[in-house]
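Colleague: What shape does this take:
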Amino acid sequence: EVQLVESGGGLVQAGGSLRLSCAASGFTLSDYNIGWFRQAPGKEREGVSGISRSNGEASYADSVKDRFTISTDSAKNMIYLQMNNLKLEDTAVYHCAAGNIEILHPSFFGTWGQGTQVTVSW
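Modeller: This is a model prediction of the structure:
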């Protein structure tokens, strides 16, 4: 069974850090483009960061550039998102996803985790 399971979300003060993890099973991460997405209440799901399967290059949304870092551990089939200097506007449910098209948009990713809540407070 193909599955992604996120963990690591929680409540953090503005300026703090969190590390999200995503465990993949039933497939090999390196065979797919990998992405982290988030959805805040009343807003559309948006791409946060992705890793290309063709060259391993990472990409980031402008809003998180220089604060978030995506990484993978192929041996463990894990995806991570290190989030530093968190801001109130980073509050959202964060999902990891796998897809075949190298465009960081939700419509191009077919396998999704259930999500983990990140709440940033004053």
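
Colleague: contacts, neighbours, all on C-alpha from now
Modeller: OK.

Colleague: Which residue lies closest in space to Met83, excluding its sequence neighbours?
Modeller: Leaving aside its chain neighbours, Met83 sits nearest to Phe68 (4.5 Å; criterion: CA to CA, 6 or more residues apart in numbering).

Colleague: any chance you could map the strands in this protein?
Modeller: 3-7, 10-13, 18-25, 33-39, 46-51, 58-60, 68-73, 78-83, 92-99, 109-112, 116-121 (DSSP state E).

Colleague: need the contact list for the residue nearest in space to the middle of the chain.
Modeller: Geometric centre of the chain, nearest residue: Trp36, 2.1 Å, by CA atoms, centre = their mean. Listed by CA atoms under 8 Å, 6 or more residues apart in numbering, the contact set of Trp36 reads 47-50, 81, 94-97.

Colleague: go on, Phe109?
Modeller: Taking CA under 8 Å, 6+ apart as the test, what Phe109 contacts is 97-101.

Colleague: got it, and Gly113?
Modeller: Contacts of Gly113 by CA under 8 Å, 6+ apart are 3-6, 22, 95-97.

Colleague: if you set the cut-off to 7 Å instead, what comes out?
Modeller: Going by CA atoms under 7 Å, 6 or more residues apart in numbering, Gly113 touches 3-6, 95-97.
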